[in-house]
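Peer 1: Predicted model and sequence below, questions to follow.
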Amino acid sequence: MEWGLVEMWGLMAPLAKGVAILLMILSVVSLYLFIERQLVFYKAGSKSKKIAPQLAGMLKRGQIQEALKLSSSKENQGSHLARVTAAGIKEFLEGKQYNLSVEEQIETAQRGCARAATIFTQELNRGLNTIATIATSSPFIGLFGTIAGIMNAFRGMAQTGSGGIGAVAGGIAEALVTTAFGIGVAILALWLYSFLRTRIDIYGAEMANTSSEIVDFFIRRAQAKSE
């Protein structure tokens, strides 16, 4: 008798097949979320790479309004660097309108950058909790199928009064397949989560650097005016 995946699947009970199908669905969900997040990250990275030199040049020339208009445009909303830059400039200019001191304007700009970075990080994190949940729960779902398979194997032994392979084959198939599926889906989801988490950390560092550069620009600008 051959003992391959097809044969094991045929010997499995409906409950074990349901567990295996559920795990396959979870793996598809993980891959879907990974691809969807990758598209978001690619959009943010490509737009930021394009707009960052333009914004840096505008700020260097003192073109604050132009930089605000460019960074807050609809087409650049997907850029994390543009989002942080727009928030910082907007808060700085609004502080100036309310006659705040230069120090207070700089502080409001810094807080605006921080808020924008936090909001964008939350957007980047969408779907990651689902992948993390799949990674942690898949082994237990597979274990449920394993227990069901062992129970089925004992049931087969009880019904036949024999411990031969024919009596326990179905239960062994269930236990092996569901265990393998559970571990496999968990490993896949964990890898995907770790990869996305690393990308988000990189984007977080880039937004922090941009916030620092914007604050430094306003500080230098204030010092130049005071001289």
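Peer 2: Received, thanks.

Peer 1: Which strands or helices does the helix or strand hosting residue 198 pack on?
Peer 2: With elements taken from DSSP states H and E, the one containing residue 198 is helix 165-226. With contacts defined as 3 or more CB pairs under 8 Å, 6 or more residues apart in numbering; DSSP states H and E, helix 165-226 has these neighbours: helix 5-11, helix 14-60, helix 80-97, helix 102-124, helix 128-160. To be clear about C-beta, it is placed using only N, CA and C from the backbone, and glycine gets the same treatment.

Peer 1: Looking at those helices, which one is packed in the most?
Peer 2: Across those, averaging neighbours per residue (mean count of other CB atoms under 10 Å) puts helix 80-97 on top, at a mean of 23.

Peer 1: and that one, what's its mean pLDDT?
Peer 2: Here the mean pLDDT over helix 80-97 is 90, rounded to a whole number.

Peer 1: Can you tell me what sits against it?
Peer 2: Contacts to helix 80-97, defined as CB atoms under 8 Å, 6 or more residues apart in numbering, come from residues 44, 47-48, 51-52, 55, 64, 67-68, 70-72, 76-77, 104-106, 108-113, 115-117, 119-120, 124, 203, 206-207, 210-211, 214-215, 218.

Peer 1: hmm, 7 Å instead?
Peer 2: Among residues not part of helix 80-97, those counted as contacts by CB atoms under 7 Å, 6 or more residues apart in numbering are 44, 47-48, 51-52, 55, 64, 67-68, 71-72, 76-77, 104-105, 108-109, 111-113, 115-117, 120, 203, 206-207, 210-211, 214, 218.

Peer 1: Would you mind getting the angle between that helix and helix 14-60?
Peer 2: Computed by axes from the mean of the first three to the mean of the last three CA atoms, to 10 degrees, the angle separating helix 80-97 from helix 14-60 equals 50 degrees.
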